[in-house]
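**Student:** Build me a model:
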Amino acid sequence: MAVRNAVDGSGGRGPAAGPWRNWAGNVTARPVRTAAPASTEELAATVRAAVEDGLTVKAAGTGHSFTPAAATDGLLIRPERLTGVRGIDREAGTVTVAAGTPLRRLNEKLAAHGLSLTNMGDIMEQTVSGAVSTGTHGTGRDSASLAAQVTALKLVTADGSVLTCSAEEHPEVFAGARLGLGALGVISELTFAVEPEFLLTAREEPMPFAEVTDRFEELATENEHFEFYWFPHTGNCSTKRNNRSQGPAAPPGRVSGWIEDELLSNGVFQVACAVGRAVPAAIPGIAKLSSRALSARTYTDIPYKVFTSPRRVRFVEMEYALPRATAIGALRELRALVERSDFRISFPVEVRTAPADGLPLSTASGRDTVYIAVHLYRGTPHQAYFSAVEKVMTAHEGRPHWGKLHTRDASYLAEAYPRFGEFTALRDRLDPERRFGNAYLRRVLGD
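**Tutor:** The predicted structure is shown next:
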């Protein structure tokens, strides 16, 4: 069948699609057609038309994945018109939101209604669907990833059908689609559990590497949300403890907050990364200065203003989820690796936690988890460093973040995830012709 012209957001025919690039600039896709549907009905019609024309279909959010999870040479569905809060149910404690809504807009809308998500990641530029589908998480002793906070969703499948899924309705699809990599269909709506807005007190302070690793279990157990950053080429870390507070709210001062979050964490850091890329020998010295630049501070604010922070310096990232019992040993191995190598690492290494959950493809599926994430400034050769890190992580039964760089394939992942076969069987049933497939999914899920 001849391929039709591109489809615009209303279901009509539009001009040919241009290239799509992700946030980091390391992935480019050249779809033959793009669409920006504004409703579930338009989305279903768009998918049906693409399948009739023999095209594969992928949905792209804001491109904050470092993998080509959303790449396609067929139909690329864009999120900009499938946005907005569809409903808030205070009695049930839920909010229903269109799939293309940025997390920033969701958080702002919830705050306006005195509500909040229980936990979230450290940025909010992603769409809600992109965030849950790739396993976006924050750090938490008791509260898990965004996908684990989903209570219902609508999924457009390969034949254009719309499935409304929850623990009661199509529960087997719901189990997989909450974190489904876009392999089962295209999500049009998500319902999240929410709660009355609360306050968090954040305590940020420097701590030596030896102390934070020796005290890790204590710090992770005593605090609701604990994370830390280790600065390679130094023995220095920056720690952050977030705990619920009775208040009153005491956000960072406008000037001091700008100095910490914009000038130092973004402006000065951007310059330091650029210098380090041009003169790698300067990185250890810069790291020592950077690790001492951020001072201790305590502040209290509503959740999304504490959990998230601006990230304007662009980078590429690899993150692995490790069993909690082995993670600190792996981190010490990573430090030894950096110290004995010629690597020059300008970005701190990020360490966060999550409780076990029951999602088949969640990186925390069935086990308490510690995440170790490594980054490099965009444009810096990263393959050698990431490859060396990956060897350490896989030696400790690591599971790669689905939206971040890694080289694992389906044979490895089938061993790493006890419920992997459950998910692939569901994919075989819902998308036997792989209309939602691409090269990345072939690698990580198999044919």
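**Student:** For the stretch 101-250 of the chain, which segments are assigned as helices?
**Tutor:** 103-112, 128-133, 171-177, 209-214, 216-222 (DSSP state H, counting those that start in this stretch).
**Student:** I'd like the ones you listed as a markdown table, with mean neighbour count appended.
**Tutor:** (Glycine included, C-beta is placed from N, CA and C.) What follows is the helices of the stretch 101-250 of the chain, written out as a markdown table (neighbours: other CB atoms under 10 Å):
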| stretch | mean neighbour count |
| --- | --- |
| helix 103-112 | 18 |
| helix 128-133 | 28 |
| helix 171-177 | 20 |
| helix 209-214 | 16 |
| helix 216-222 | 15 |
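**Student:** just so I know, which of these lies nearest S387?
**Tutor:** helix 209-214 (23.4 Å; CB to CB).
**Student:** ok, A202 - contacts?
**Tutor:** 240-242, 298-301, 306 (CB atoms under 8 Å, 6 or more residues apart in numbering).
**Student:** Oh, that last question was meant for E390, not what I typed.
**Tutor:** Counting by CB under 8 Å, 6+ apart, E390 has contacts 318, 320, 398, 400, 406-407.
**Student:** A helix includes it, no?
**Tutor:** Yes: according to DSSP: H, G, I helix; E, B strand; the rest coil, E390 belongs to a helix.
**Student:** on that earlier part again, now the helices of the stretch 101-250 of the chain in JSON lines, with distance to V351 and mean pLDDT?
**Tutor:** Below are the helices of the stretch 101-250 of the chain laid out as JSON lines (distance: least, CB to CB, whole Å; pLDDT from 0 to 100):
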{"stretch": "helix 103-112", "distance to V351": "22", "mean pLDDT": "98"}
{"stretch": "helix 128-133", "distance to V351": "20", "mean pLDDT": "98"}
{"stretch": "helix 171-177", "distance to V351": "29", "mean pLDDT": "98"}
{"stretch": "helix 209-214", "distance to V351": "9", "mean pLDDT": "98"}
{"stretch": "helix 216-222", "distance to V351": "8", "mean pLDDT": "98"}
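**Student:** what's the closest of those to S145?
**Tutor:** helix 128-133 (7.8 Å).
**Student:** start to end distance for stretch 130-150?
**Tutor:** 13 Å (CA to CA, to the nearest Å).
**Student:** Which positions within it qualify as buried?
**Tutor:** 130-141, 143-150 (16 or more other CB atoms under 10 Å).
**Student:** again with stretch 62-81
**Tutor:** 62-79, 81.
**Student:** How much space separates the nearest residue to G160 once chain neighbours are set aside from E224?
**Tutor:** Nearest residue to G160, sequence neighbours excluded (CB to CB, 6 or more residues apart in numbering): R48, at 3.5 Å. R48 sits 45 Å away from E224, going by CB to CB, to the nearest Å.
**Student:** Now T201: closest residue in space that isn't a chain neighbour?
**Tutor:** Leaving aside its sequence neighbours, T201 sits nearest to S245 (CB to CB, 6+ apart; 4.0 Å).
**Student:** D301 now?
**Tutor:** Spatial nearest neighbour of D301, excluding adjacent residues (CB to CB, 6+ apart): P251 at 4.4 Å.
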